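Trainee: The following block contains a protein sequence and its predicted model.
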Amino acid sequence: MTQGNEGLIAGKYRLMDKLGEGAIGVVWRAHDTSLDRHVAIKEIRLPAGLDGAHVGSLKARTLREARAAARLSHPGIVTVHEVVNQCDRPWVVMELVHGHTLEHILKEDGPRSPQDVAEIGARILSALRAAHRAGVVHRDVKPSNVMLDGERTVLTDFGIAALDGGTVLTQTGAVLGTPCFMAPEQARGRYATPASDLWSLGATLYAAVEGRLPFNGESLAAVLAAVLTEDPPPPRRAGPLTAALSGLLVKDPARRMTADALAAELARVRDGHDVAAAVTLPPIAGPPAPRPAVHHDQSMPPYTAETTDGRHRRRRWPALTAVAAALATAVTCAIIFWPSGRTQPRPHAKASPVASVSPSVRLAGNFPSQALKPGTNVFSMAFSPDGKTFACGGSDSTIQLWDARRRIQLAQIPGNDSIEDITFSSDGKMLATAGDDKTARLWDLTSNTQIAKFTGAKSEMWSIALSPDGRTLAGGSKDHDIRIWDVGSRRLLHVLRGHSDGVTTVKFSPDGKTLASGSWDETVRLWDTASWTQRTVLRGHTGSLHSVAFSPDGKRLASAAADDKILLWDLRTHLGVGVFTGHKGGILSVVFSPDGRYLASGGNKDHKILLYDVAAHTTLADLKGHKGSVDSVVWSPDGKTLASGAEDKSIRLWDLDR
């Protein structure tokens, strides 16, 4: 026993035996000598290495959360009696609940029936709703925090879990967490909300009815990655409870099943009424065919920092911050990092001020811009075909959807690890993404959910393209190869080899008959999509390729590289027909305007966007304002807006409707 067990805690509580132990707490059975009753006492053990400020903060948080929990009065919530201080640390005195935890029961007796789980879920939900009405979020709903005592179901550590869940131990570089049951937004270090508790409830009910964890892996990093990017394995035993599980385990909290809807769903299952037993994947473009279930990689390796040679050194970005452990099953881990960039060294940048415009050739008026703050370094952007939405992805591993007209964020979806490229399908119903986790993914935009993951790359996926008919997905990788997948069947069709270095960009021609690829090997290659053979190699750059773009009529191709040049190619003769200059420090992105009259490019070290007149071979405007590498430039379908995304954690929308 710890110091203080030799006497009485607070002069009246005698510790008897240990009930459980976690990363920062021990729960004791104790005897209240003043009232002659048994209680549970949670001893808060402060992690080693904290300075005085952190210690004081944790103590104050313990008291604050205990007071919040003490305000709650509900049969499904453990009563908090008081908080006392002894041995220079807080002790939380609580009601002693008899019975066993749901975790213990599942280990001893196996999974429960859907009806039993629905009853348990309804009782937990009732407790959560009472707490949420009082402004208290649990933050750590899991089977080990659910006690079954006869007909009573009790949620323990209520409010006290907020101490663990809301504290990131940044001083030591470590975080604490129970990753299998935490909501994706908590895994990303954001504040927990009532919707976060509902996710954790869904994960708990899944474990109770299926007898297995919804998210698992060989390492903590793998579990956290699964929580952020994977769907749980399709339920096999849930039956009528499947719809509730699917509704709760939605990664976007704004689209997650509400408490009211869940209460109705659980009541129907508990009472034996018919409920939909499965959720089908949405249809996608391509020939009708049976679609296999999405592959779930439960052995995803940890993500670690990687540095390549000096030409292509990759920076490190913090990947995940996790919530702290509650009692008994807490896990301690180091903050994980993984590579994010795909170019030559990119300087760190601070958020930039409102953009200014300095056109070298002034047209009618200027080009005002509006700056948005997505909170991430933006590596890729795309407008939807109807121009109403644009999507971006970057270093924080999320897909962000924005209303292009109102210029507000619509949704944030956990995606690949460090999203390098993003594109819409031609019908606007799907997104394709590529990332540093060696995968390409497809997303359904009606539900903002992942519908497929494509694997096979041996290194980071840096580029992605969907064919105009939506049937074929092409992805370029650092491993020098281009992979071609069938969207309908999810099968890998071809691996195109020819580049001698990483493939940074792939694009389909407007008619879908040609695939263009660019590489660090300073070449552009054109591939015949009927036979998937190489047609020709375009040579002319003296620096690594970063971007290619077809003209809208498919007759020309623009390529941009680290040699500060954009080369224009005639695709009938395969000859160069123009050179555009003006950047200093490399070009990361190039795009044609919808009418094909203009080109826009984004600079690496000069942080600017240049506009060119294609026919006149002249520079029209020099757009300044970004304070970081401009990784992506995209034109709206109506040609009135140019969007630029940069490594200053900003998006800029330039008004070209002059």
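Mentor: Arrived safely, thanks for sending. Numbers count the residues shown, from 1 in each chain.
Trainee: Off-centre distance for stretch 130-146?
Mentor: Taking the mean of its C-alpha atoms, stretch 130-146 sits 24 Å from the chain's own mean (C-alpha atoms, centre = their mean, to the nearest Å).
Trainee: Span of that stretch from start to end?
Mentor: Start-to-end span of stretch 130-146 (C-alpha to C-alpha, to the nearest Å) is 16 Å.
Trainee: Please, which helix or strand holds residue 118?
Mentor: helix 114-133 (DSSP states H and E).
Trainee: quick check: mean pLDDT across that helix?
Mentor: The average pLDDT for helix 114-133 rounds to 92.
Trainee: Of all the residues in that helix, which ones are buried?
Mentor: Buried positions in helix 114-133, judged by neighbour count with 16 or more other C-beta atoms under 10 Å: 114-115, 117-132. C-beta here means a position set from N, CA and C on the backbone, and glycine is covered the same way.
Trainee: center of this protein, which residue is that?
Mentor: Closest to where the C-alpha atoms of the chain average out (C-alpha atoms, centre = their mean) is residue 414, at 2.3 Å.
Trainee: Specify the local secondary structure of the closest residue in space to it that isn't next to it in sequence.
Mentor: Take residue 414 and drop its neighbours on the chain: the residue closest to it by C-beta to C-beta, 6 or more residues apart in numbering is residue 228, 4.2 Å away. Residue 228 falls in the helix class when you classify it by DSSP: H, G, I helix; E, B strand; the rest coil.
Trainee: List the residues that contact residue 228.
Mentor: 184, 187, 188, 251, 320, 397, 414 (C-beta atoms under 8 Å, 6 or more residues apart in numbering).
Trainee: circling back to that earlier point, name the helices or strands packed onto the helix holding residue 118?
Mentor: strand 146-149, strand 152-155, helix 194-210, helix 259-270 (3 or more C-beta pairs under 8 Å, 6 or more residues apart in numbering; DSSP states H and E).
Trainee: Checking my notes, residue 246 in a helix, right?
Mentor: Yes. Residue 246 forms part of a helix when assessed by three-state DSSP.
Trainee: just for the stretch 151-300 of the chain, where's the confidence low?
Mentor: Counting by pLDDT under 70, the stretch 151-300 of the chain contains low-confidence ranges at 158-178, 273-300.
Trainee: hang on, isn't residue 94 packed against residue 77?
Mentor: No. Contact criterion C-beta atoms under 8 Å: residue 94 and residue 77 do not qualify, at 10.3 Å.
Trainee: Tell me the secondary structure at residue 525.
Mentor: From three-state DSSP, the assignment for residue 525 is strand.
Trainee: can you tell me which residues contact it?
Mentor: Residue 525 makes contact with 498, 499, 516, 517, 518, 519, 534, 536, 537, 538, according to C-beta under 8 Å, 6+ apart.
Trainee: 7 Å - rerun?
Mentor: For residue 525, the contact set (C-beta atoms under 7 Å, 6 or more residues apart in numbering) comprises 498, 499, 517, 534, 537.
Trainee: want to throw these into a markdown table with secondary structure?
Mentor: Shown next, in a markdown table, are the contacts of residue 525 (three-state DSSP):
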| residue | secondary structure |
| --- | --- |
| 498 | coil |
| 499 | coil |
| 517 | strand |
| 534 | strand |
| 537 | strand |
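Trainee: and which of those residues is nearest to residue 142?
Mentor: residue 517 (46.4 Å; C-beta to C-beta).
Trainee: thought that closest one was touching residue 482?
Mentor: Yes. The pair formed by residue 517 and residue 482 meets the contact definition of C-beta atoms under 7 Å, at 5.7 Å.
Trainee: List the residues that are in contact with both of these two.
Mentor: Both residue 517 and residue 482 are contacted by 476, 503, 506, under the criterion C-beta under 7 Å, 6+ apart.
Trainee: out of the residues you listed, who has the most neighbours?
Mentor: Scoring these on neighbours with other C-beta atoms under 10 Å, the highest-scoring entry is residue 476 at 31 neighbours.
Trainee: Pull the residues that contact the helix or strand hosting that residue.
Mentor: For residue 476, the element it lies in under DSSP H and E is strand 472-477. With C-beta under 7 Å, 6+ apart as the test, strand 472-477 has contacts from 432, 434, 440, 454, 457, 459-466, 482-487, 503-506, 515, 517.
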